[in-house]
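> I need the structure of the sequence given here:
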Amino acid sequence: MEENGFNAALLFLGYLSVSSADADTLSAPLNVTIELKGVNSALVTWEIFEGDPVIGFAITQQKKDLRMLRFIQEVNTTTRSCALWDLDEDTEYIVHVQSISMSGTSPPSDTVVFRTPKESERLASKSPGCIIKVPRLSPGGHHRSRMLVFRYSAISFFFFFIAPVL
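A predicted model of the protein is given here:
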């Protein structure tokens, strides 16, 4: 009878150790996305499961032709993003994200492959803009005009005021 109680205690302790090991297991980060910030930089973002005991993240960035590998460790757990910098134009990159806990790292996220644009592609993607002449009377009653140039692109807005033209 005493042996049955001992076996039950071992079974219970075994259950506790398995469940605590499961609690320390990290899930791979989800929904990893890349947002290009220009020819030479990008922003990686991701999500994690709520409740994972994460103390940091590891981001692996590699050229697809395998000539370069960069490993970034991020300890800020409130931000789910990391800037990638010094990228080569017109180059394919592979990115993985892993969560880090006190007991180890998660499996890598799904592979994300992206290509940086050529400088000429980035410039060509900007709209050509439009020129609007806005009539204006000068204090002396002379008719003068000022040109307003408006350019829109996904990156920024530019407003140029060109000196008055007669």
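
> Make sure S120 is indeed in a helix.
Yes: assigned with DSSP: H, G, I helix; E, B strand; the rest coil, S120 falls within a helix.

> Contacts only, for E119.
V39, E89 (C-beta atoms under 8 Å, 6 or more residues apart in numbering). Placement of C-beta: from N, CA and C, glycine included.

> For it, give me the pLDDT.
Model confidence at E119, expressed as pLDDT, equals 83.

> distance of it from V75?
Distance of E119 to V75, given as C-beta to C-beta, to the nearest Å: 34 Å.

> With I94 instead?
Per C-beta to C-beta, I94 is found 23 Å from V75.

> List the beta-bridge partners for L36.
Using DSSP bridges, the beta-bridge partners of L36 come out as A42.

> so it sits right up against P117, yeah?
Yes: proximity of L36 to P117 meets the contact threshold set by C-beta atoms under 8 Å, at 6.9 Å.

> Let me see the contact set for E35.
Residues touching E35, when contacts are defined by C-beta under 8 Å, 6+ apart, comprise A42, L43, T45.

> try 6 Å
For E35, the contacting residues are L43, by C-beta atoms under 6 Å, 6 or more residues apart in numbering.

> Can you list the residue ranges for strands in this structure?
All strands of the chain, identified by DSSP state E, fall at 30-36, 42-47, 56-63, 69-74, 81-84, 92-101, 104-105, 112-115, 130-137, 143-152, 157-165.

> So, low pLDDT: which residues of the protein?
Per-residue confidence of the chain (counting by pLDDT under 70) places the weak regions at 1-24, 121-166.

> can I see the domain layout of it?
Per automatic domain parsing, the domain ranges recorded for the chain read 2-118, 126-165.

> Buried residues, stretch 38-46. List them.
Buried residues in stretch 38-46, counting neighbours by 16 or more other C-beta atoms under 10 Å, are found at V39, A42, V44, W46.

> list the contacts for L87?
N40, T116.

> Relative to I48, how far out is it?
Taking C-beta to C-beta as the criterion, L87 is separated from I48 by 25 Å.

> now do S101
Counting by C-beta to C-beta, the separation of S101 from I48 is 11 Å.

> Neighbour count: the two, which is higher?
Summary of the neighbour comparison: S101 and I48, criterion other C-beta atoms under 10 Å, with I48 having more neighbours (20 against 15).

> does the more buried one really touch A28, like I thought?
No: the pair I48 and A28 fails to qualify as a contact (C-beta atoms under 6 Å) at a distance of 8.9 Å.
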